[in-house]
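K.L.:
sequence first, predicted coordinates after that:
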Amino acid sequence: MKFFIDTANLAQIKEANDLGILDGVTTNPSLMAKEGIVGEAAVMQHYLDICNIVNGDVSAEVIATDFEGMVAEGEKLAALHENIVVKVPMIKDGIKAISYFTSKGIRTNCTLIFSAGQALLAAKAGATYVSPFVGRLDDISYDGMELIAQISQLFSIQGYQTQILAASIRNPVHIVKSAQFGAHVITSPLPSILALLKHPLTDSGLAQFLADHKKANS
Ligand code: G3P
């Protein structure tokens, strides 16, 4: 399973990349706004900065919600760098745009997926990735992991090449379960990735090893 980081924060992207485990980055308009990146020139430069840190796919989301607007924005984003994947919302014109981008060889990530039917339609349109939002489903008392499992079964039965990119990851258990239920990729904020490192028995075990070593060598 590939690990993407879900942020537009360059320091956090560098930190995850330095671990040697980072396969890509996802952003969205909220994450860009959080970093204070406003205006087309700044946004484009920021995507380039991200592409220069990570050797992997970088999802850049269109703002337009009409077909022509999404195509114009997406073509500009795709021309920025070979690793850019155009992120398109799951709406009617979005599906039309994904079909168009697919026919032009432009890779896409269909975002805001909350049902298996939406994932099926995006795969049919040729999306490179679909992004089911696990945490936001959990927030409204649906089981986000159940959706990952359902899409995984559906894509494997039908032989779709579209990759399942588990998004809206909120904790390390979401990451492990996404791997277990067949996600090809997770995109997560840095804290949940770093939380995978942690176990109290690792900390106490290491402290004991070091203490015993010190005693024996003093
Ligand atoms: O990139 C979209 C996504 O991962 C959103 O996460 O935590 O805002 O639901 P969250």
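P.N.:
Sure, I can see it. Nothing here was measured: the structure is a model prediction, and the numbers come from that model.
K.L.:
who in this protein is up against the ligand?
P.N.:
Proximity of the chain to the ligand (CB under 6 Å from any ligand atom) is limited to residues Asp6, Thr26, Asn28, Phe133, Gly135, Arg136, Ala167, Ser168, Thr187. (Glycine included, C-beta is placed from N, CA and C.)
K.L.:
surely the second one meets Ser131?
P.N.:
Yes. Counting by CB atoms under 8 Å, Ser131 is a contact partner of Thr26 at 7.5 Å.
K.L.:
which pLDDT value does the model give Thr102?
P.N.:
Thr102 is assigned a predicted lDDT (pLDDT) of 98.
K.L.:
Ile5 sits in which helix or strand?
P.N.:
Under the criterion of DSSP states H and E, Ile5 resides in strand 2-6.
K.L.:
in its sheet, what does that strand sit against?
P.N.:
Listed by DSSP bridges, the sheet partners of strand 2-6 and their directions read strand 24-26 (parallel), strand 185-188 (parallel).
K.L.:
what helices and strands are in contact with the helix or strand just after that strand?
P.N.:
Past strand 2-6, heading to the C-terminal end, the next element that is a helix or strand (DSSP H and E) is helix 10-18. Packing contacts for helix 10-18, counted by 3 or more CB pairs under 8 Å, 6 or more residues apart in numbering; DSSP states H and E, involve strand 2-6, helix 40-53, helix 190-195.
K.L.:
and the second one, what does it pack onto?
P.N.:
With contacts defined as 3+ CB pairs under 8 Å, 6+ apart, the secondary structure elements packing on helix 40-53 are helix 10-18, strand 57-61, helix 67-80.
K.L.:
was I right to think Val43 contacts Ile37?
P.N.:
Yes. The pair Val43 / Ile37 is scored as a contact, 5.6 Å apart, by CB under 8 Å.
K.L.:
what's the single longest helix in the chain?
P.N.:
helix 200-216 (DSSP state H).
K.L.:
buried stuff in that helix?
P.N.:
Residues of helix 200-216 classed as buried by neighbour count (16 or more other CB atoms under 10 Å): none.
K.L.:
list the contacts of the residue nearest to the spatial centre of the chain.
P.N.:
When CA atoms, centre = their mean is applied to the chain, the residue found nearest the centroid is Thr187 (3.3 Å). By CB atoms under 8 Å, 6 or more residues apart in numbering, the contact set of Thr187 is Phe4, Ile5, Asp6, Gly24, Val25, Thr26, Ser59, Ser131, Leu165, Ala166, Ala167, Ile169.
K.L.:
got a markdown table for the residues you listed, with pLDDT and neighbour count too?
P.N.:
Putting the contacts of Thr187 into a markdown table (pLDDT from 0 to 100; neighbours: other CB atoms under 10 Å) gives the following:
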| residue | pLDDT | neighbour count |
| --- | --- | --- |
| Phe4 | 98 | 27 |
| Ile5 | 98 | 28 |
| Asp6 | 98 | 23 |
| Gly24 | 98 | 22 |
| Val25 | 98 | 28 |
| Thr26 | 98 | 27 |
| Ser59 | 98 | 30 |
| Ser131 | 98 | 28 |
| Leu165 | 98 | 30 |
| Ala166 | 98 | 32 |
| Ala167 | 98 | 30 |
| Ile169 | 98 | 24 |
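K.L.:
between those residues, which is nearest the ligand?
P.N.:
For the contacts of Thr187, the residue nearest the ligand by CB to the nearest ligand atom is Ala167; the value is 3.7 Å.
K.L.:
let me see the contact set for the closest one.
P.N.:
For Ala167, the contacting residues are Asp6, Thr26, Thr111, Ser131, Pro132, Phe133, Val134, Ile186, Thr187, taking CB under 8 Å, 6+ apart as the criterion.
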